[in-house]
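Chemist: coords below, sequence missing:
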């Protein structure tokens, strides 16, 4: 089946601008982006509207009352629909700290949702953010669930997910951490530094060894000090690594978001949600990483007052980022699309409106005041039911 998206202002990721073009889609894949494509199939007229790539969230634990740590295959399917409705068309299913047996069960449930289904968000792979974390910087992760870095455990989990992308966030300053890092890289994983007390020097060493991202920069890591810059400064200054930012206005002050945007190479800035199951749900009692969580006024806290993920969706995070920094949509879009896709090596299938990629996109009415419009996943519109 062929679909033509006609007359829209289509976002060009390489040029960071919109231009009047058509998009030809066949069997869920973009086959052409150019002017005046003949209308020999289903036509969607986007005159006066803007077409942007679907958003890519590489750090999200769940939404709509479900968590990837505990979701069965049916709940994963349900979440795929709910993510898509918010404009997020690709996710990395992020697993927080849990016993190894639970990780394996989660991998099995995610594995049953590996397909690229029209109208549903695609799960690109697994982001393991848990268990191999520094207790001093554990945040909302229950201390009894933490474990020293273990390559045998990692092998078991990666074997369940192969060949999908696999991203590992861990504290590599822990005993055995460097060996764990090198082993993960040898297995083809991308690696982030997370929940860590690493110094600036240690953070730079891990970047030398192959770490490619710093997980939710500023949160659950050594802070900035003029005599010990900490890994937060390494994240901002080292343009070999990606810098993740949560833009809900609670995890990171807007002024720090603006500072990060000024300092960081724009090709290495990544917006994430770090959302938990309460995202898209009412205030109330929830759980994450073995800890009870209370959500009030959209802010999730553990009993001891630690922030416990967000209730954010990525489109809202993108709008917040634009508000915090004064940046226009054209400049900000890569931070929620192609950059995160490249971070986890999923950019061959998503992140931009390019030939050969999945037809994942959002049609919006305005570039100045963007709001989520019709969302397409794998070439099909997403049901709002």
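Modeler: Great, that's in hand. Keep in mind that this is a model prediction, so the values were computed, not measured.
Chemist: switch to C-alpha atoms for all contacts and neighbour counts from now on
Modeler: Fine.
Chemist: ok, residue 351 touching residue 333?
Modeler: No. Using CA atoms under 8 Å, residue 351 makes no contact with residue 333, being 9.8 Å away.
Chemist: more crowded one of these two?
Modeler: Neighbours per residue (other CA atoms under 10 Å) separate residue 351 from residue 333, with residue 351 holding more: 30 against 27.
Chemist: That one in helix, strand or coil?
Modeler: State at residue 351, reduced to three classes by DSSP: H, G, I helix; E, B strand; the rest coil: coil.
Chemist: Just the local confidence number for the closest residue to it other than its chain neighbours, please.
Modeler: Nearest residue to residue 351, sequence neighbours excluded (CA to CA, 6 or more residues apart in numbering): residue 338, at 4.0 Å. Predicted confidence (pLDDT) for residue 338: 98.
Chemist: show me where pLDDT drops low in this protein?
Modeler: Within the chain, the segments meeting pLDDT under 70 span 385.
Chemist: what helix or strand does residue 89 sit in?
Modeler: Here residue 89, judged by DSSP states H and E, is contained in strand 88-95.
Chemist: what's next to that strand, contact-wise?
Modeler: For strand 88-95, the surrounding residues in contact (CA atoms under 8 Å, 6 or more residues apart in numbering) are 54-62, 68-69, 83, 103, 110, 120-130, 313-315, 350, 360-361, 377.
Chemist: In helices, which of those residues fall?
Modeler: 83, 103, 110, 314, 315 (DSSP state H).
Chemist: Could you identify the most distant pair in those residues?
Modeler: Across the ones in helices among the contacts of strand 88-95, the longest distance by CA to CA is 28.5 Å; it joins 103 and 315.
Chemist: which stretches of the stretch 201-350 of the chain form helices?
Modeler: Using DSSP state H, counting those that start in this stretch, the helices of the stretch 201-350 of the chain run over 230-237, 254-263, 314-325, 329-332, 338-343.
Chemist: May I see those organised as JSON lines, with mean neighbour count and distance to residue 372 added?
Modeler: Below are these laid out as JSON lines (neighbours: other CA atoms under 10 Å; distance: least, CA to CA, whole Å):
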{"stretch": "helix 230-237", "mean neighbour count": "24", "distance to residue 372": "30"}
{"stretch": "helix 254-263", "mean neighbour count": "16", "distance to residue 372": "23"}
{"stretch": "helix 314-325", "mean neighbour count": "20", "distance to residue 372": "7"}
{"stretch": "helix 329-332", "mean neighbour count": "18", "distance to residue 372": "13"}
{"stretch": "helix 338-343", "mean neighbour count": "25", "distance to residue 372": "18"}
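Chemist: Quick one, which of those helices gets closest to residue 166.
Modeler: Nearest to residue 166 among the helices of the stretch 201-350 of the chain is helix 338-343 (10.8 Å), distances taken as CA to CA.
Chemist: For the closest one, enumerate the helices and strands it packs against.
Modeler: The contact analysis (3 or more CA pairs under 8 Å, 6 or more residues apart in numbering; DSSP states H and E) places helix 338-343 against strand 55-60, strand 269-272.
Chemist: Deepest in the core, which of those is it.
Modeler: Mean neighbour count (mean count of other CA atoms under 10 Å) peaks for strand 55-60 among these, with a mean of 30.
Chemist: hang on, the earlier thing: which stretch among the helices of the stretch 201-350 of the chain comes nearest residue 189?
Modeler: Here helix 338-343 is closest among the helices of the stretch 201-350 of the chain (CA to CA), at 10.8 Å.
Chemist: Give me the residues contacting the closest one.
Modeler: Helix 338-343 is contacted from outside by 13, 56-58, 190, 212-213, 242, 267-271, 347, 350-352, using CA under 8 Å, 6+ apart.
Chemist: please redo it, this time with the cut-off set to 7 Å
Modeler: The contact list for helix 338-343 (CA atoms under 7 Å, 6 or more residues apart in numbering) reads 56, 58, 242, 267, 268, 269, 270, 347, 350, 351, 352.
Chemist: next one: stretch 165-183
Modeler: Contact partners of stretch 165-183, identified using CA under 7 Å, 6+ apart, comprise 124-129, 132-134, 149-151, 189-196, 198, 215, 344-346.
Chemist: Buried residues in it, which are they?
Modeler: For stretch 165-183, burial by neighbour count (16 or more other CA atoms under 10 Å) applies to 165-174, 177-178, 180-183.
Chemist: cool, and stretch 93-108?
Modeler: Result for stretch 93-108 [16+ other CA under 10 Å]: buried residues 93-100, 103-108.
Chemist: and what of stretch 39-53?
Modeler: Counting neighbours by 16+ other CA under 10 Å, one finds that the buried residues in stretch 39-53 are 46, 49, 50, 51, 52, 53.
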